[in-house]
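Test case, fold it:
(chains A and B)
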2 protein chains.
Amino acid sequence: MRDDSETMVFIKDKPIAAIVGVGRTKFGELWYDNPEKLLFEAGLNCMQSVDKGIHRKQLEACFFGSFLYQTTNKIGLMSGHMAKELGLNIPISMTEAACASGSSALYNACVALRSGYYDVVLVGGFEKMTDRSSKISDDLMFAADPNEFSAGYTFSGLYATMMARYIHDYGEGKEECNDALAMVASKNHHHAIKNEYAQFRREFTPDAVKRSSLVAHPIRLLHCSPITDGAAALLLTSPEKAKQFTDTPINIVASKQATDSISLYTRDSITSIKATKLAVRAALEEANLSFKDIQMAEVHDCFTIEEIMFLEDSGFYSKGEGWKGVYESFENGKNGKHIMYISENSQLIVNPGGGLKADGHPVGATGVRQIYEAYNQIRAQAGGQQIEGPIETALCHNIGGTGAICNIHILRKG
Amino acid sequence: MRDDSETMVFIKDKPIAAIVGVGRTKFGELWYDNPEKLLFEAGLNCMQSVDKGIHRKQLEACFFGSFLYQTTNKIGLMSGHMAKELGLNIPISMTEAACASGSSALYNACVALRSGYYDVVLVGGFEKMTDRSSKISDDLMFAADPNEFSAGYTFSGLYATMMARYIHDYGEGKEECNDALAMVASKNHHHAIKNEYAQFRREFTPDAVKRSSLVAHPIRLLHCSPITDGAAALLLTSPEKAKQFTDTPINIVASKQATDSISLYTRDSITSIKATKLAVRAALEEANLSFKDIQMAEVHDCFTIEEIMFLEDSGFYSKGEGWKGVYESFENGKNGKHIMYISENSQLIVNPGGGLKADGHPVGATGVRQIYEAYNQIRAQAGGQQIEGPIETALCHNIGGTGAICNIHILRKG
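Residues are numbered from 1 along each chain as shown, chains lettered A, B, ... in the order given. Model prediction:
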């Protein structure tokens, strides 16, 4: 991590892109909608959110992401579905990167906008999972090494291995470590109470999390993000064009992707995500920021251990100290509207709308939904879950599989 | 189509990208390889083909494409598989656009190279289909409107509808029209005889095509491209960097994508592919060329009707006249090494290595394999299937589904 945070921070003259509109669907069990319709609804909501309006014919390209649409929904070639819905013949790209599909679509859009080849693009992510609940745990293993599947692993099992090792290395015999892993869930459910789009809007105490049914030791049901249907969308423009659409665009000042081996057994460490470390470092460098400048983060809390690993991989807490920071922050902050993580000389609100854990995790939509939340928080239009006090800078962290890919985007007030 | 072909032709100062290496696997029934291995083999062959050498650490990003890898091969998140194989942590993008997946990966790579954000990228396409032969005809319908699937259509059935309508509109009662549709197959099989990587290397007379078993009236078995396993890869650089890798790079002077509604029943015409028309026109404009400047084309002959539609959609033949041109060209040229299509004042060799029809159609690999072929033809290193006389300019045409997406790339000697 960079350590020049005490010096003045400069933002490069030109951001990568501007966000001028966002949209989403409710997340949950959406039995009556098919995936194309969910994506179209999110896209339409996004277009309608643009302050000064936009016509679909102003779109120059689309970038969509999803994971299991073929197996689970028996559809493909979304380019053709969306060309039909939009009545357009523009380039439409479809990206798959497991749970990072949404942010990978965004990353690709950012690469395209860097070029100036396009100026106005729609980014979307979607997933429709609940129809296939009986098979989905097999399908989710498409995000892992097939050898891990044939060895008997489930996706929860892989994260259970990571969590078990984390506890073994850093919290063995300390009940506070188990408490901290439950507090992540408790906090995120607390944050989702006022989120009208969230899948789960009820409180769970850390004790309730620890008493929930065992999924794969030491992971219990309430350590897991849910199976969810939903979609989200963003309208991106070149920085130059943004003011045509709104007086208050939110800038993307960093967009970085890193990958890593898909196989857990090949990793240097399974209590840390190398792709996260690399992408966070590169993104902060691109934005010319220190992590201390980040006021809120959307973190990929697919399982609670992952939120703690992020807090360590990003440098917010030292390695192995994350659970202690979470424990103390939760104990000190549990009566607030948002529970803020406190470290030595920095503070951070993580997942103010509930994260994957409580807002829901429609896999391909998640990376885009994170940007939706950060955009609204920075524009102070996040409704019930609006953070008290202004948010200038937000970081979004979306990973695929057990960390084989990570996209980091940093958003900043224009 | 532009009609300034008689005036001098200028190429823009700066091509979009340069190709400096290509690789592929054999196409066919490759029972002993999994998809990741095929892609890796093609990538390795590509890297090893680079005249002045390249180290994998010089790669800045990868762009891969495939269609049915999840359903058919039960894998996903190829970014993680390839990060593992390459031992790198670079951005790796995975694109799905049905049969146009490979060229969509290339299109995305070209957008990225336009930006100068990357300078050296690997592009790959792959598909492993034969293991799932009993289910593949269902899976292929992921490339179509789900309503068409529930109405009973197979993928061959959709093209059969297009072919039947073509015959009805333009060749009713004319046996030469049926002959022409068979001659496309006969020509492409003839072209594949010397192609050591091709799936099928035997001659079929037009009569044999017409006598082959009925698949979906009027499509017979030998009107269809096969089910195939295989992979192909390209190494792309910015034009500025190309000479570091070879003294004879081949330039990409146009890269265009168009989309259209996935549903046949919504189209203005089912005997013409609108996305092809739009993308060809845009590509010629970008390259500042007329179609008459194109000496060879890799055409998406998934079914023989599609090659004839391309000849009309590109403007090489007038609408409804394609079959006549094919018939006459075949009759006049059938004794040559390559059978050349002749129109009023232009000539064109299509699919000199056998096309999808005979070289094989591993769906996601096809769009990349086309570039492989064109690159080798322009560099006069295509082996047994090398066209007699120099090739300066080649066009590659790859479509998805029944034409819901089309990518056109134009390659030109540097």
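
tell me what the strand or helix carrying A:Ala42 is packed against?
For A:Ala42, the element it lies in under DSSP states H and E is helix A:35-48. Using 3 or more Cβ pairs under 8 Å, 6 or more residues apart in numbering or on different chains; DSSP states H and E, the elements in contact with helix A:35-48 are strand A:17-24, helix A:78-86, strand A:120-127, strand A:230-237. All C-beta atoms are positioned from the backbone trio N, CA, C, and that covers glycine.

now with 10 Å?
The contact analysis (3 or more Cβ pairs under 10 Å, 6 or more residues apart in numbering or on different chains; DSSP states H and E) places helix A:35-48 against strand A:17-24, strand A:61-65, helix A:69-73, helix A:78-86, strand A:120-127, strand A:230-237, helix A:363-378.

Walking through the stretch 301-414 of chain A, point out its strands one by one.
With DSSP state E, counting those that start in this stretch, the ranges of strands along the stretch 301-414 of chain A come out as A:340-343, A:346-350, A:393-400, A:405-413.

And the average pLDDT for the first one is what?
Meaning strand A:340-343. Strand A:340-343 carries an average pLDDT of 97.

List of residues touching stretch A:162-178?
Here stretch A:162-178 makes contact (Cβ atoms under 10 Å, 6 or more residues apart in numbering or on different chains) with A:156, A:179-181, A:183, A:206, A:209-210, A:216-219, A:223, A:264, A:267, A:269-273, A:303-306, A:308-309, A:312, A:319-324, A:326-328, A:331, A:402-403.

Please check those and keep the buried ones.
A:156, A:179-181, A:183, A:206, A:209-210, A:216, A:218-219, A:223, A:264, A:267, A:270-273, A:303-306, A:308-309, A:312, A:320-324, A:326-327, A:402-403 (16 or more other Cβ atoms under 10 Å in any protein chain shown).

Keep only those of those that are also close to chain B.
A:267, A:402-403 (Cβ under 10 Å from any Cβ of the partner chain).

Mind putting the residues you listed into JSON lines with pLDDT?
Shown next, in JSON lines, are these (pLDDT from 0 to 100):
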{"residue": "A:Arg267", "pLDDT": "95"}
{"residue": "A:Thr402", "pLDDT": "97"}
{"residue": "A:Gly403", "pLDDT": "97"}
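
What about these, which are in helices?
Using DSSP state H, no member of those sits in helices.

Around chain B, which positions in the stretch 201-350 of chain A sit nearby?
A:255-263, A:266-267, A:274-275, A:277-279.

nearest to B:Thr95, of those residues?
Nearest to B:Thr95 out of these is A:Gln257 (Cβ to Cβ; 14.3 Å).

what about the residue lying closest to the closest one once chain neighbours are set aside, neighbour count?
Once flanking residues are discounted, A:Gln257 sits nearest to B:Pro91: 4.0 Å by Cβ to Cβ, 6 or more residues apart in numbering or on different chains. Other residues within reach of B:Pro91 by the criterion other Cβ atoms under 10 Å in any protein chain shown amount to 26.

Might one say that B:Pro91 is in contact with B:Asn108?
No. Look at B:Pro91 against B:Asn108 with Cβ atoms under 10 Å: they stay out of range, at 11.2 Å.

Find residues that contact each of those two.
Residues touching both B:Pro91 and B:Asn108 (Cβ under 10 Å, 6+ apart) are A:108, A:111, B:61, B:63, B:121.

burial of the fourth one, as a residue count?
The one in question is B:Phe63. The burial count for B:Phe63: 30, using other Cβ under 10 Å.

again with the third one
Each residue near B:Ala61 was counted by other Cβ under 10 Å, and the total is 24.

from what I can see it touches B:Tyr117, true?
Yes. With contact defined as Cβ under 10 Å, B:Ala61 counts as touching B:Tyr117 (8.5 Å).

Between these two, which contacts overlap?
A:111, B:91.

residues in contact with the least confident helix or strand in chain A by mean pLDDT?
One helix or strand of chain A scores below all others by mean pLDDT, DSSP states H and E: helix A:136-139, with a mean of 90. Helix A:136-139 is contacted by residues A:67-68, A:70-72, A:129-130, A:132, A:149, A:154-157, A:215, A:227, A:363, B:70-71, B:74, B:76 when judged by Cβ under 10 Å, 6+ apart.

switch the cut-off to 6 Å
Applying Cβ atoms under 6 Å, 6 or more residues apart in numbering or on different chains, the contact partners of helix A:136-139 are A:68, A:71, A:129, A:154, A:227.

Kindly report the same for stretch A:196-213.
A:26-28, A:179, A:182-183, A:185-186, A:189-190, A:192-193, A:220-222, A:226, A:228, A:354, A:358-360.

so of those, which ones are in strands?
Judged by DSSP state E, the subset of the contacts of stretch A:196-213 located in strands is A:Arg220.

From the contacts of stretch A:196-213, which land in helices?
Short answer: these in helices (DSSP H) are A:179, A:182-183, A:185-186, A:189-190, A:192, A:358-359.

any idea which of those is closest to B:Glu36?
Nearest to B:Glu36 among those, with distances taken as Cβ to Cβ, is A:Asp359, at 33.5 Å.

ok, that closest one - how many residues close by?
Neighbours of A:Asp359 using other Cβ under 10 Å come to 36.

show me the contacts for it.
Contacts of A:Asp359 (Cβ under 6 Å, 6+ apart): A:27, A:192, A:195, A:198, A:353.

Columns neighbour count on top of those, output as CSV?
Listed next are the contacts of A:Asp359 as CSV, based on neighbours: other Cβ atoms under 10 Å in any protein chain shown:
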residue, neighbour count
A:Phe27, 30
A:Ala192, 28
A:Asn195, 22
A:Ala198, 25
A:Gly353, 29
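
Across the sheet, point out what pairs with A:Ile92.
Beta bridges link A:Ile92 to A:Cys62, judged by DSSP bridges.

Go ahead and confirm it touches A:Cys62.
Yes. Contact criterion Cβ atoms under 6 Å: A:Ile92 and A:Cys62 qualify, at 4.4 Å.

residues in contact with A:Val363?
A:67, A:99, A:127.

which one of those residues is nearest chain B?
Chain B lies nearest to A:Phe67 out of the contacts of A:Val363, by Cβ to the nearest Cβ, at 6.7 Å.

Can you classify the closest one by secondary structure?
coil (DSSP: H, G, I helix; E, B strand; the rest coil).
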